[in-house]
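Undergrad: Sequence and predicted structure below; questions after.
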Amino acid sequence: MATCYLGVNTQEISRIFVSPGPIFEPLLHDDHSGNGLTKVLKQAGIGAGDRVLNTWAYHLVPAGLLLDDALRAVGATVIPGGTGNAELQAQIVMELGVTCICASTAFFITLCQTLEAQGHRLPQDWCVRNALLGGEMGDWMGKRCRLEMRYGIRTFAAYATGDLGLIGYECDGVPGYRIDDGRIVQVCDPASGVPLPLGEPGEIVVSTLNPAWPLIRFGTGDVTYATALHPDGSVQRTGMLQGRVGQAVKVREIFVYPRQIEDLVLGVPGLTQAQAVVRRPAHRDELTLRVVLVSGADLLAIDAEIRTRFQSLTRLRLDQIEPMGTATAGEMPLLLDARAG
C-alpha cells in the first residue's frame, strides 16, 4: 500500500501521474493551468492562432498532459504528438503549419535534421516561430542561440518538476528563471540544508501549499544559485541549472559541479576535455585538473587562463594541471574523487 500525503478527498483528483520511484502525483479537477504552465506560455506570447506540436510524453508522466492543459487554456490548438516517430512528426509540422514546438532540445534538433533531410529549406519553408525546449547541461544557452539563428525561431524554457509543477520561468530576456509566486524557493547547502548566500551554488529546495499535495522544503536534487532574493530571504530569481546534487564533489568545504568543468572547457580556447581530480595525501584536499588539448596547443601558454577561469567558476585554486593524451580521455568523468576513505 502506497504512503499517501494528500490534502484533499480522492474524489477531487482528476489525474494521477506516475514518476520514477514510483511516485504518484495528483492533479485536481479544478486545475486548468497545467500546474502553473500557462504562465510560461503567456510570457512567451503563445495563445490563440498558434498550432503547437507537443512532443512530450503523454504516458504516465506529467509533462505531456500538463503542457496540453496549459496550451488549451491559453487558446492554442494542440497536436498531441508524444515522443518518437520523427518522420511523421516532421510531416505534421509542415502539413499543419505548426507555429510552435514543445520538445526536448535533442528531439527538436532531430526534427529539424529530419526536415532538412527531406529536402525542406529551413527557416524559409516552415511556419515555426517559437519552441519550448527542455533544458540540458553544458553550453545549453549557446546551443539555443545557434538554433535560433539557424532556424529563425525564438526559444523559451521553464523549470518544472513532476512533484511541484512549475517552479520558475524565463522572462524579461534575463538568463535563468523567475520563481513562480506560488512557490517558496531556497538554495541550500546539500549537506546541512542551510540556505546559502546570493550567488553560491547549492540544492534547490521548494515549499508549496498546493491543496492536493502540500510540500514543505522539498529538495529537488537540482543545483543552481540565486541571482535575486525577496525581502524575506527566499529566492526571487535563479541562474540556469548546473547539475544534480549527487554529481557534486565537496573540496575544501566548497561543492564543485560537473557543469563548472564543462564551462571551463567551453571558455578556454585550446581545451577539448578536462577532469578535476581530488586527492588528500595528507590533511588538505589537493585539486588537480587533467586536460586534453587541441592539436598544436601549448599548455604553458594557457596555464594562467585555465587557473583564473577555474577559480572564477569554483572559487577554488588549482594545485596543478596535468596534460593527458587523447587516447586515455575517452568518456572520463568530469569530477573524480580519489581521496582514500
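TA: Looks like it came in fine.
Undergrad: okay, CA-based contacts and neighbour counts for the rest of this
TA: OK.
Undergrad: Is residue 167 in a helix, a strand, or coil?
TA: Remark: residue 167 carries the secondary structure label strand [criterion: DSSP: H, G, I helix; E, B strand; the rest coil].
Undergrad: Surely it is in contact with residue 159?
TA: Yes. Using Cα atoms under 8 Å, residue 167 is in contact with residue 159, at 5.6 Å.
Undergrad: If you count surrounding residues, which of those two has more?
TA: Neighbours were tallied for residue 167 and for residue 159 using other Cα atoms under 10 Å; the higher tally belongs to residue 167 (24 against 21).
Undergrad: Look up how far residue 28 lies from the more buried one.
TA: Distance from residue 167 to residue 28, counting by Cα to Cα, to the nearest Å: 18 Å.
Undergrad: Quick check: mean pLDDT of stretch 295-314?
TA: Per-residue pLDDT over stretch 295-314 has a mean of 91.
Undergrad: ok, now which ones touch the nearest residue to residue 160 once chain neighbours are set aside?
TA: In space, and not counting its chain neighbours, residue 160 is closest to residue 166: 4.3 Å by Cα to Cα, 6 or more residues apart in numbering. The contact partners of residue 166, by Cα atoms under 8 Å, 6 or more residues apart in numbering, come to 35, 36, 37, 158, 159, 160, 180.
Undergrad: Now do the fifth one, the pLDDT please.
TA: Model confidence at residue 159, expressed as pLDDT, equals 95.
Undergrad: Quickly list what it is bridged to.
TA: Counting by DSSP bridges, residue 159 forms beta bridges with residue 168.
Undergrad: for the most far-flung residue of the chain relative to its centre, helix, strand, or coil?
TA: For the chain, the C-alpha lying farthest from the average C-alpha position belongs to residue 282; by Cα atoms, centre = their mean, that distance is 37.6 Å. Here residue 282 is coil, with the state taken from three-state DSSP.
Undergrad: got it, and residue 67?
TA: Put simply, residue 67 is helix when judged by three-state DSSP.
Undergrad: ok, how many other residues are close to it?
TA: 25.
Undergrad: Residue 205 versus that one, what's the distance?
TA: If you measure residue 67 against residue 205 using Cα to Cα, the figure is 23 Å.
Undergrad: Looking at the record's assignment, how would you partition this structure?
TA: The chain breaks down into these domains under automatic domain parsing: 31-156, 180-245, 248-337.
Undergrad: Could you tell me the least trusted of those?
TA: Taking each of the domains of the chain in turn, the one with the lowest mean pLDDT is domain 248-337, at a mean of 87.
Undergrad: what's the residue closest to the geometric middle of this structure?
TA: To find the centre residue of the chain, average its C-alpha atoms and take the closest one (Cα atoms, centre = their mean): that gives residue 135, at 3.5 Å.
Undergrad: Now do the same contact list for it.
TA: Contacts here follow Cα under 8 Å, 6+ apart; on that basis residue 135 touches 104, 105, 157.
Undergrad: What of residue 277?
TA: 287, 288, 289, 290, 335, 336, 337, 338.
Undergrad: are any of these buried, and which?
TA: Applying 16 or more other Cα atoms under 10 Å to the contacts of residue 277, the neighbour count classes 287, 288, 289, 290, 335 as buried.
Undergrad: Helix, strand, or coil at the nearest residue to the first one once chain neighbours are set aside?
TA: If you skip the residues right next to it in sequence, residue 287 has residue 278 as its closest partner in space, 4.8 Å away by Cα to Cα, 6+ apart. Judged by three-state DSSP, the three-state class of residue 278 is strand.
Undergrad: Look up the residues forming beta bridges with residue 278.
TA: Partner residues in beta bridges with residue 278: residue 287, residue 337, with DSSP bridges as the criterion.
Undergrad: show me what contacts it?
TA: With contacts defined as Cα under 8 Å, 6+ apart, residue 278 is in contact with 251, 285, 286, 287, 288, 336, 337, 338, 339.
Undergrad: which among those gets closest to residue 321?
TA: Taking Cα to Cα as the measure, residue 288 is the one of those closest to residue 321, at 5.7 Å.
Undergrad: who's in contact with the closest one?
TA: For residue 288, the contact set (Cα under 8 Å, 6+ apart) comprises 276, 277, 278, 318, 319, 320, 321, 322.
Undergrad: farthest-separated two in the residues you listed?
TA: Taking Cα to Cα as the measure, these span a maximum distance of 13.0 Å, between 278 and 322.
Undergrad: Just to check, residue 222 is in contact with residue 239?
TA: No. Applying Cα under 8 Å as the test, residue 222 and residue 239 come out as separate, 11.8 Å apart.
Undergrad: before we move on, back to that, dump the contacts of residue 166 into JSON lines; add distance to residue 60 as well.
TA: Formatted as JSON lines, the entries for the contacts of residue 166 read as follows, by distance: Cα to Cα, whole Å:
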{"residue": "35", "distance to residue 60": "16"}
{"residue": "36", "distance to residue 60": "19"}
{"residue": "37", "distance to residue 60": "18"}
{"residue": "158", "distance to residue 60": "21"}
{"residue": "159", "distance to residue 60": "20"}
{"residue": "160", "distance to residue 60": "17"}
{"residue": "180", "distance to residue 60": "25"}
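Undergrad: quick one, phi psi at residue 232?
TA: Main-chain torsions, residue 232, degrees, to the nearest 10: phi -80, psi 0.
Undergrad: what about it, how many neighbours?
TA: Neighbours of residue 232 under the rule other Cα under 10 Å: 6.
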